[in-house]
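K.L.:
missing the sequence, but the structure's below:
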């Protein structure tokens, strides 16, 4: 709440991040229409002209807006509360769409998979909400196993209610109370799960991106990037996120595991680069790799890894103690194998 919307959008511009933000469901329809015109309207509009007068001539080009956050979470599974949320969603959705028909909307009704109210909400907002916001846990280093089940079950219900639906899922909060190696592994397994379902999941957004050092006031002690007046440093989950962003490949390929490793594999469009995303929760583990028809071009493979005791974290005195370690390693092309460190997230980048 320390960010104003326009400050947030300017931050996103400077950091090359696609913005999305949530609005309060009790905003007025007129205020939301004016907001959209201010953010996305050209200078010929009343509010677009005001934005230009304030120094931002070009429209912000906002694409994603969430209406509410964790709605109907606190007072139980009550249909009348879901109905009230649907009414507010429709009111604000209509007002904003009149100003910009290209907006994509995320609905924030709290997901209760066993509740009949989920179908009620789905049918009411299908065709209006582009995404349903699912919040997941991240503290468990194997959190992705539960997230995998939730994503698969959620989409199965969508399709059972409307086989032609275009509604998808956005994971706009991965929550917990940790920011050490344990959370880095939990985030990595969550992203492995989301990678498996990437054709219908917009994104994963771990809370909190930014956290002031020693000023956390709500028990969600989970910042990826910590800062003080004179210093900024990343926590292990930040490096877990950074590793994946820097080693993204667009195609997912099948991966089968014998044992306890959590694994996904991705491939470049030219089929010449393979990425193995591997989380090892437990002791050091020597592993044989069967790459199928993918043939190594040589013995050298790039390895990116973060590892440590589950409670390990960085501090102002040691801001880089736990971060990604990059090595060029040698793997036998005929019998590829690798020893995954204890409590680690590793990416192996293999060239063909």
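P.N.:
Thanks, I have it. Quantities reported herein were computed from a predicted structural model and do not represent experimental measurements. Numbers count the residues shown, from 1 in each chain.
K.L.:
From residue 170, how far out is the most centrally placed residue in the chain?
P.N.:
Centre of the chain computed as the mean C-alpha position; nearest residue by C-alpha atoms, centre = their mean is residue 204, 1.2 Å away. Residue 204 is 9 Å from residue 170, where distance means C-beta to C-beta, to the nearest Å. For glycine as for every other residue, the C-beta is placed from the backbone atoms N, C-alpha and C.
K.L.:
With residue 78 instead?
P.N.:
Applying C-beta to C-beta, the value for residue 78 to residue 170 is 24 Å.
K.L.:
tell me the SS of the residue lying closest to residue 212 once chain neighbours are set aside?
P.N.:
Distances taken as C-beta to C-beta, 6 or more residues apart in numbering place residue 227 nearest to residue 212, at 6.1 Å, with adjacent residues excluded. On the three-state scheme (DSSP: H, G, I helix; E, B strand; the rest coil), residue 227 is labelled strand.
K.L.:
For residue 227, give me its contacts.
P.N.:
210, 211, 212, 213, 233 (C-beta atoms under 8 Å, 6 or more residues apart in numbering).
K.L.:
how about the residues you listed in CSV, adding distance to residue 39 and secondary structure?
P.N.:
Putting the contacts of residue 227 into CSV (distance: C-beta to C-beta, whole Å; DSSP: H, G, I helix; E, B strand; the rest coil) gives the following:
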residue, distance to residue 39, secondary structure
210, 22, strand
211, 27, strand
212, 27, strand
213, 32, coil
233, 32, strand
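K.L.:
Tell me the one among the residues you listed nearest to residue 144.
P.N.:
When those are compared for distance to residue 144 (C-beta to C-beta), residue 211 wins out at 22.7 Å.
K.L.:
Report how many residues lie close to the closest residue to the closest one other than its chain neighbours.
P.N.:
Excluding the flanking residues, the one nearest residue 211 by C-beta to C-beta, 6+ apart is residue 223, at 2.5 Å. By the criterion of other C-beta atoms under 10 Å, residue 223 has 22 neighbours.
K.L.:
now do residue 224
P.N.:
Counted with other C-beta under 10 Å, the neighbours of residue 224 add up to 23.
K.L.:
Distance of the spatially closest residue to it that is not a sequence neighbour relative to residue 37?
P.N.:
Nearest non-adjacent residue to residue 224, counting by C-beta to C-beta, 6+ apart: residue 238, 4.1 Å away. The gap separating residue 238 from residue 37 is 36 Å, by C-beta to C-beta.
K.L.:
Enumerate every residue touching the closest residue to residue 79 other than its chain neighbours.
P.N.:
Leaving aside its sequence neighbours, residue 79 sits nearest to residue 117 (C-beta to C-beta, 6+ apart; 5.4 Å). By C-beta under 8 Å, 6+ apart, residue 117 lies in contact with 77, 79, 82.
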